[in-house]
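Asker: could you work out the structure for the sequence below:
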Amino acid sequence: MRLGRERRYLVLLGIICLALIGGALYLQVFKGEAPCPLCILQRYALLLIAVFAFIGAATRTRRGITVFETLVVICAIAGAAVAGHHVYTQFYPAVSCGIDVLQPIVDGLPLAKIFPLGFQVDGFCSTPYPPILGLSLAQWALVSFVLIVILVPLLTSRNRKAPR
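Answerer: Below you'll find the predicted structure:
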């Protein structure tokens, strides 16, 4: 019973991560907000979180679910690091996001060739776009990743300590 609740949380997390990628694609296609290398790396982190969350939800054993929840948290920590650097770059535009260094690396990843619209670099990290509810997209990404890092272990521990 308790693992069922945990699986539902993982499915919800996967759907939210895919929705965030969809929102980024909407802003890219319809609002003209070109993604920078750090944006693309954040999309990869969200995609990996979604994949691991869905696989974890399909896993039947507690140990298997724990492994995939751990992978989710690791990807969220990596995403938070990238988003944090992106926020820093936006506050200090003189700092480069390394487009000359990162672009060929990010564009060389497999999804950039399979789905270039969503995973190919097209912009600069310091480009200011209008904020959404007072925060930049990089700040929202940072908030999302930090929430995942905090909530996944918290909900897991609360779920597993709950009385049967």
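Asker: hang on, isn't D122 packed against P35?
Answerer: Yes - contact between D122 and P35 holds when scored by CB atoms under 8 Å: they sit 5.8 Å apart. From N, CA and C alone the C-beta is placed, and that goes for glycine too.
Asker: shared neighbours of these two, anything?
Answerer: Q28 (CB atoms under 8 Å, 6 or more residues apart in numbering).
Asker: so which of those two has more stuff around it?
Answerer: Comparing D122 with P35 by other CB atoms under 10 Å, the one with more neighbours is P35, at 25 against 16.
Asker: for that one, give its distance to P116.
Answerer: Noted for P35: a distance of 11 Å to P116, by CB to CB, to the nearest Å.
Asker: can you report how many residues lie near V29?
Answerer: Residues lying near V29 (other CB under 10 Å) number 11.
Asker: show me the residue at the heart of the chain, geometrically.
Answerer: Central residue of the chain (CA atoms, centre = their mean): L46, 2.7 Å from the mean position.
Asker: thinking that one is in contact with I21, fair?
Answerer: Yes - counting by CB under 8 Å, I21 is a contact partner of L46 at 5.3 Å.
Asker: and L135, what is it in contact with?
Answerer: By CB under 8 Å, 6+ apart, the neighbours of L135 are V143.
Asker: what is the mean pLDDT for the helix or strand A50 falls within?
Answerer: Per DSSP states H and E, A50 falls inside helix 37-58. On average, the pLDDT along helix 37-58 is 94.
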